[in-house]
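Chemist: Sequence and predicted structure, then a few things I'm wondering about:
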Amino acid sequence: MGYTVGIDVGGTFTDFLLTGNAGTRRQHKTSTTPTDPSTGILTGLAELAELEGLAEQDFFGQIDLIVHGTTVATNAVLTENGARTGLITTDGFRDILEMRRGIRSRQHLYNNKYVAPRPLVPRDLRKTVTERVDVEGQVITPLDEDALRQAVDELVAEGVEAIAVCFMHSYQNAEHEQQARKLITESAPDVFLSVSSDVLPQIRLYPRVSTTAMNAYLGPVVERYMRKIVRRMADRGFAGTLMVMQSNGGITLPETVAHMPASITMSGPAAGPVAALAFVSGRGWSDCTVVDMGGTSFDASLVKDGQVQITREGEINRHTISLPTTHVHTIGSGGGSIAWIDEGGLLRVGPQSAGAEPGPAAYGRGGAEPTVTDADVVLGYIDPDYFLGGRQQLRADLAAEAITSRVAEPLGLSLDEAAAGIYEMVNLQMAAGTKNISVERGYDPREFPMVVAGGAGPVHAGMIAHELEIPIVVIPRLSSVLCAAGMLMADLRHDFVRAFSTRLDEIDRIRAQSLVAEMADKGYALLEREGVQDADRHVVVAADLRYIGQHHEVIVNFDDSDLDPANPAAIGRLADLFHKRHEQLYGFCTLDAELELLSLRVTVIGHRPEPDLSNPDAGVTGAAEPRSHRAVYLKSFGRKEQVPVYDGQELPVGQLVGGPAVVEEPTTTIFVPEYFDLELDVSGSYIMTRKGFDPAAAGQEER
């Protein structure tokens, strides 16, 4: 049997989804090992081997494909544990990383006490050299190679592991940067090199410098990790293919990631919306919000018109990165988030987390701080004897003790009142996080079904939906490992951009066609190395357009035939697409205004076979009876009430479970609030619907 494994490393748990040629499908979780994530991965794979009844060496030998999402890059930036990095730039621009854009970011525009983050490259490791290319790409001052050699020698003497090179206007003419590449490669071959004309050849200096520096900062860390995980798997007999999840929602080979490590800064969360789209599209929906509540954080994202939403600029630990990234809003609200009381006597939850070690107090590993998981145990949502399907026993007494001593007694509350406060507080925070990717972008979350991911997600999803008035919640049976599932569903993907500044009505179509073809050829070469056949390749072409005088541009996809010089009228279609998209985003367009093109983009996609998402237990018939009843806190009652508890493995397709109720799966627990009903459909998803809601009347019926 040939196995395929999706692996998502989270802050608390590492998730696995195992599939086999004979229809095998197995979910699994193991504790993450923060000091060395590869150890947790190998532990989980060894446990899967045991569950499959195979010796470890035999199991590894039968794995054809592993797709891995990793937090190595993200954690390096968050913990400021990246490589010692140097920066070489043009004379006069040594401090661009600290100057940033010269203004406070939009989020902190009115905060007079705002302090920008410490640059990834300290000032003493930033060197300048004499060279200058103008905005048209003309060489004004040749590169001073002697000064460059001296700068490199000084950085090497300072013990840098990586060097970033970013010169003014190199997006128009990369001659000096390529000269620098050759010289540095010869004089410092062991140093990781990141050159802006390779990483991000587009206009705007600060985002280009920041992204190039981050790529260098992460290079040695990611390279070491990739070499280590490949070697350790090979030592155990793995001879299949290892792929890595990228921030853009596509996968690629480890060697590609090793050259562009900044491309995996959102590696794990990017897979969630990929999987969510697969689950909702099977029901005829093309839109959904996606919420993923793990042990450490909560991620919210959006799928619109059948497309995972991609952003071209974001921040990690307040450092700008301008690479295509799945638009995910992350907050510190997870199962391990710690409840605490601030100086004003108000209850807060997160962003501090108990993580995997020591974990929530209920884990019995020495944690003393009250967490969301502890509250879930106290309120009856989680059965301490059936956590992870009974593989891990929780200590309800320790959970109660932590909440009593740290929250209930200081606030003069009962144990249940304090736990309910924690539960409601974290739900409100997650509802606000969901609004960030919907309401704040002009979409009404009530019009979209909500897809739930993460081991803790189904415990809280119903109350998040109640807060946001979302009528339909989709909880795949794979929800606790949804990101791992998304990795097995993702296509291969490579993104390219080239600066191309011109008025749209004066565009040089031949040059534009040449740039598009050059980028497409690079993508095809990568797909060929990854084993993708010609018939499975697809190219998407886009342009960065704006009205002349505008500060921000709009990215518009178009057909590359519109660049054909033999069809001069076709360029008008591109203008029409821009006006339409501008009106969608901002509520207006100016049809007679002149347009400016800044960049051309190419995305090359290698399609993979879609996995079978059918419910392997769809044959279960009859009606399931509750296997027990237990006291669960209900908001509308303000106290605990006895509710039925169902075994999800015994629940047949189509049986309606009226809330309030609890449905237990081996890797998660679904709390059905009193406001909702639940049923399992043939696709393997639980559909939670607000009582009295008519999908047909609301236009959300299956289409």
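Modeler: Thanks, I have it.

Chemist: Could you list the low-pLDDT ranges of this protein?
Modeler: 1, 22, 102-109, 356, 611-622, 695-703 (pLDDT under 70).

Chemist: Residue ranges of each domain in it, please.
Modeler: 3-76+224-264, 82-215, 492-606, 628-698 (automatic domain parsing).

Chemist: what's the most buried one of those?
Modeler: domain 3-76+224-264 (a mean of 20; mean count of other C-beta atoms under 10 Å). All C-beta spots, glycine's among them, are computed from the backbone N, C-alpha and C.

Chemist: still on that earlier bit, what's the closest of the domains of the chain to E467?
Modeler: domain 628-698 (10.3 Å; C-beta to C-beta).

Chemist: Look through the chain and tell me its longest helix.
Modeler: helix 205-235 (DSSP state H).

Chemist: Remind me what the helix or strand following that one packs against, helices and strands.
Modeler: Later in the chain than helix 205-235, the nearest helix or strand by DSSP states H and E is strand 241-245. Packing contacts for strand 241-245, counted by 3 or more C-beta pairs under 8 Å, 6 or more residues apart in numbering; DSSP states H and E, involve strand 63-69, helix 205-235, strand 251-252, helix 254-259.

Chemist: Just send these back as TSV, with distance to R318 too.
Modeler: Output for the helices and strands packed on strand 241-245, formatted as TSV (distance: least, C-beta to C-beta, whole Å):
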stretch	distance to R318
strand 63-69	23
helix 205-235	10
strand 251-252	27
helix 254-259	24
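
Chemist: quick one, which of the ones you listed is nearest to K635?
Modeler: So among those, strand 63-69 is nearest, using C-beta to C-beta, at 34.4 Å.

Chemist: Measure how that closest one sits relative to strand 241-245, angle-wise.
Modeler: 20 degrees (axes from the mean of the first three to the mean of the last three C-alpha atoms, to 10 degrees).

Chemist: how distant is strand 63-69 from the center of its chain?
Modeler: 18 Å (C-alpha atoms, centre = their mean, to the nearest Å).

Chemist: contacting residues around that strand?
Modeler: 2-9, 41, 229, 233, 238, 240-245, 251, 267-268, 270-271, 483-484, 487-488, 490 (C-beta atoms under 8 Å, 6 or more residues apart in numbering).

Chemist: Repeat that for stretch 121-130.
Modeler: 84-95, 97-98, 141, 143-144, 147-148, 151, 154-155, 158, 160, 164, 213, 217.

Chemist: I'd like the distance from it to the chain centre, please.
Modeler: Using C-alpha atoms, centre = their mean, the distance between the centre of stretch 121-130 and that of its chain works out at 32 Å.

Chemist: Equivalent analysis for stretch 524-540, please.
Modeler: So, by C-alpha atoms, centre = their mean, the centroid of stretch 524-540 is 24 Å from its chain's centroid.

Chemist: just stretch 436-444 next, same as before
Modeler: That offset, for stretch 436-444, works out to 18 Å (C-alpha atoms, centre = their mean).

Chemist: Only C-alpha atoms, please: export stretch 335-349 in PDB.
Modeler: Output of stretch 335-349 as PDB, limited to C-alpha atoms (Å, rounded to 0.1, in the frame of the first residue of the first chain):
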ATOM      1  CA  GLY A 335      -7.000  26.200  23.700                       C
ATOM      2  CA  GLY A 336      -3.800  27.000  25.600                       C
ATOM      3  CA  SER A 337      -4.500  30.800  25.900                       C
ATOM      4  CA  ILE A 338      -4.100  31.900  29.500                       C
ATOM      5  CA  ALA A 339      -6.800  33.700  31.400                       C
ATOM      6  CA  TRP A 340      -5.600  36.600  33.600                       C
ATOM      7  CA  ILE A 341      -6.800  39.700  35.400                       C
ATOM      8  CA  ASP A 342      -5.400  43.100  34.300                       C
ATOM      9  CA  GLU A 343      -4.500  46.000  36.600                       C
ATOM     10  CA  GLY A 344      -8.100  47.300  36.300                       C
ATOM     11  CA  GLY A 345      -9.500  44.100  37.600                       C
ATOM     12  CA  LEU A 346     -10.800  43.000  34.200                       C
ATOM     13  CA  LEU A 347     -10.700  39.400  32.900                       C
ATOM     14  CA  ARG A 348      -8.400  38.900  29.800                       C
ATOM     15  CA  VAL A 349      -7.700  35.800  27.700                       C
END
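
Chemist: in that stretch, what counts as buried?
Modeler: Neighbour-count burial for stretch 335-349, counted by 16 or more other C-beta atoms under 10 Å, picks out G335, G336, S337, I338, A339, W340, L347, R348, V349.

Chemist: could you point out which element follows the helix or strand hosting L148?
Modeler: Element membership for L148, per DSSP H and E: helix 145-157. The element immediately downstream of helix 145-157 (helix or strand, assigned by DSSP H and E) is strand 162-166.

Chemist: Now do the strands in the stretch 351-500 of the chain.
Modeler: 450-453, 472-476, 492-503 (DSSP state E, counting those that start in this stretch).

Chemist: Quick one: closest of the ones you listed to S685.
Modeler: strand 472-476 (4.7 Å).

Chemist: Strand partners (parallel or antiparallel) of the closest one?
Modeler: strand 450-453 (parallel), strand 685-690 (antiparallel) (DSSP bridges).

Chemist: quick one, what contacts T79?
Modeler: Contacts of T79 (C-beta under 8 Å, 6+ apart): none.

Chemist: Please apply the same query to Y524.
Modeler: So Y524 contacts R537, V604 (C-beta under 8 Å, 6+ apart).

Chemist: Which helix or which strand is home to it?
Modeler: helix 509-529.

Chemist: Please find the angle between the direction vectors of that helix and strand 492-503.
Modeler: Using the same axes, to 10 degrees: helix 509-529 against strand 492-503 is 170 degrees.

Chemist: Looks like D508 contacts S501 (just checking).
Modeler: No. Assessed by C-beta atoms under 8 Å, D508 is found out of contact with S501, at 11.2 Å.
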